[in-house]
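Visitor: Coordinates for the following, if possible.
(one chain, ligands or ions: 1)
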Amino acid sequence: MIRFEHVTKRYADGTTAVDDLSFEVAEGELVTLVGPSGCGKTTTMKMVNRLVEPTEGRVSLDGEDVSTVDPVRLRRRIGYVIQQVGLFPHKTVLDNTATVPHLLGASRAESRARAAELLDLVGLDPKTYGGRYPEQLSGGQRQRVGVARALAADPPVLLMDEPFGAVDPVVREHLQNEFLRLQAQVRKTVLLVTHDLEEAVRLGDRIAVYGQGRIEQFDTPATVLGAPATAYVADFVGADRSLKRLSVTPVDPTTLEEVPVHRPGAPADGSWSVVLDADGRVESWFSADEPGRTRPAPEAVALGASLREALAALMRGDAGWLPVIDPAAGGRCVGVLTPDGVHRALRRATPAGGPDAASGESGATSGKPDDAPAETLSRR
Ligand SMILES: Nc1ncnc2c1ncn2[C@@H]1O[C@H](COP(=O)(O)OP(=O)(O)OP(=O)(O)O)[C@@H](O)[C@H]1O
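Guide: Numbering: from 1, shown residues only. I've put the predicted structure just below:
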């Protein structure tokens, strides 16, 4: 666990980069630090592995004040991933990844076996890529090697500074998703710096929104987007935060409608009805427009998927509704999601007054919706 207690950093030229900062990152939690350029994010991160020393206050790791720990010993417990990955150009991908375990005393064979496992874990087949040199990889592949290398010593803590910054938006989203999948397996305590709000929202269990040298709000993505604590945060998350909230609001059972089950021989109630198979999965459906025509089941989404995914699936099909399935119950259809349901779910994840009522005016909220607590997507 990482803890900052009243930490201030003033550089020699008098710049106050971080001003009286206090927060905690729980074990296994991924916290993103987001904010404009120069607000102190990188300085904050570097005080964890002692690349920068605080002027005042205390940074501790698992209760131990880092200023009392030998920096070399400290950094063995902390993986560090930076945008310019810094791979050794004259070493193969496998050897780059094996360097740290080897330095830590593992035999060459053990280190290479571990490196191959890690490359596999980050989605690079060691047989294909292990023997290549960094210049023979794409930017996205190099960044994956950077992540594999940081994980190689199996550190409990990872510091990541714009780790997916140097690639185009499509590759970036792909890497982010892979990283979330990986994090669900390895559960590191992660502090990740980004200037990209989308990335902060997508990856963070919690987000720290930085103003100048200070944290303006520290909360779940859904709460930061749904209930910005200050005018500054409201401005930073922007007017389209309702759209961003689609990514962090899950499809949940309470916003679904009942499945309008079709009874053979009986006239369909309402405008459409659904035929379920013996396992409760949608087999086909009928619309009152053309009652005699059997239509194939629309694409389904799983409980817990984001509203963003659900909306995309709604747009891809022409049914106007989606079956929602429970993967834990063998893919049984537990309800249907309609555009109205999406709207209700978004409003539910918002404090009283609807998606855009949470203003950044001085009557800032506590950061928590009053009625239904905003749920965030569980990525674990
Ligand atoms: N070594 C240094 N000496 C003096 N000032 C510094 C030093 N390093 C950083 N600063 C200043 O401290 C402030 C915070 O810098 P920092 O790199 O922590 O910001 P950041 O939020 O990570 O920015 P960016 O997103 O641009 O990387 C800036 O004003 C910066 O110019």
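
Visitor: what's the pLDDT at Leu192?
Guide: Here the pLDDT value assigned to Leu192 is 95.

Visitor: Relative to the ligand, how far out is it?
Guide: As for Leu192, its distance to the ligand is 12 Å (criterion: CB to the nearest ligand atom, to the nearest Å). Where C-beta positions appear, they are placed from N, C-alpha and C, glycine not excepted.

Visitor: does the residue lying closest to that residue once chain neighbours are set aside belong to a helix or a strand, and which?
Guide: Nearest-residue entry for Leu192: Met160, 4.3 Å, with adjacent residues in sequence omitted and distances by CB to CB, 6 or more residues apart in numbering. Secondary structure assigned from DSSP states H and E places Met160 in strand 157-161.

Visitor: Give me the contacts around that strand.
Guide: The contact list for strand 157-161 (CB atoms under 8 Å, 6 or more residues apart in numbering) reads 2, 42, 45, 48-49, 61, 77-83, 150-151, 188-193.

Visitor: what about the helix or strand following it, average pLDDT?
Guide: Sequence-wise, the next helix or strand beyond strand 157-161 is helix 169-186, with elements assigned using DSSP H and E. Mean per-residue pLDDT for helix 169-186: 80.

Visitor: before we move on, what about stretch 203-220?
Guide: Taken as a whole, stretch 203-220 has an average pLDDT of 94.

Visitor: Tell me the buried residues in it?
Guide: Going by neighbour count (16 or more other CB atoms under 10 Å), the buried part of stretch 203-220 is 203-211, 213-220.

Visitor: just stretch 72-90 next, same as before
Guide: Buried-residue list, stretch 72-90, by 16+ other CB under 10 Å: 74-75, 77-83, 85, 87.

Visitor: Show only the entries of those residues found in helices.
Guide: Secondary structure from DSSP state H places 74-75 of the buried residues of stretch 72-90 in helices.

Visitor: Now render the buried residues of stretch 72-90 as CSV, adding pLDDT and distance to the ligand.
Guide: Formatted as CSV, the buried residues of stretch 72-90 follow (pLDDT from 0 to 100; distance: CB to the nearest ligand atom, whole Å):
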residue, pLDDT, distance to the ligand
Leu74, 90, 19
Arg75, 87, 19
Arg77, 86, 22
Ile78, 90, 18
Gly79, 86, 19
Tyr80, 85, 14
Val81, 82, 15
Ile82, 80, 11
Gln83, 71, 9
Val85, 65, 16
Leu87, 82, 21
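
Visitor: Most proximal residue of the stretch 51-200 of the chain with respect to the ligand?
Guide: With CB to the nearest ligand atom, the shortest gap between the stretch 51-200 of the chain and the ligand falls at His195, namely 4.9 Å.

Visitor: quick one: that residue and Phe236, what's the gap?
Guide: 11 Å (CB to CB, to the nearest Å).

Visitor: Kindly report the same for Arg108.
Guide: Here Arg108 is placed at a distance of 49 Å from Phe236 (CB to CB).

Visitor: And the residue nearest the centre of the chain?
Guide: In the chain, the residue lying closest to the centroid (CA atoms, centre = their mean) is Leu203, at 1.6 Å.

Visitor: What backbone torsions are found at it?
Guide: When read as degrees, to the nearest 10, the backbone of Leu203 gives phi -90, psi -30.

Visitor: Spit out the contact partners of it.
Guide: Listed by CB under 8 Å, 6+ apart, the contact partners of Leu203 are 30, 32, 176, 179-180, 192, 194.
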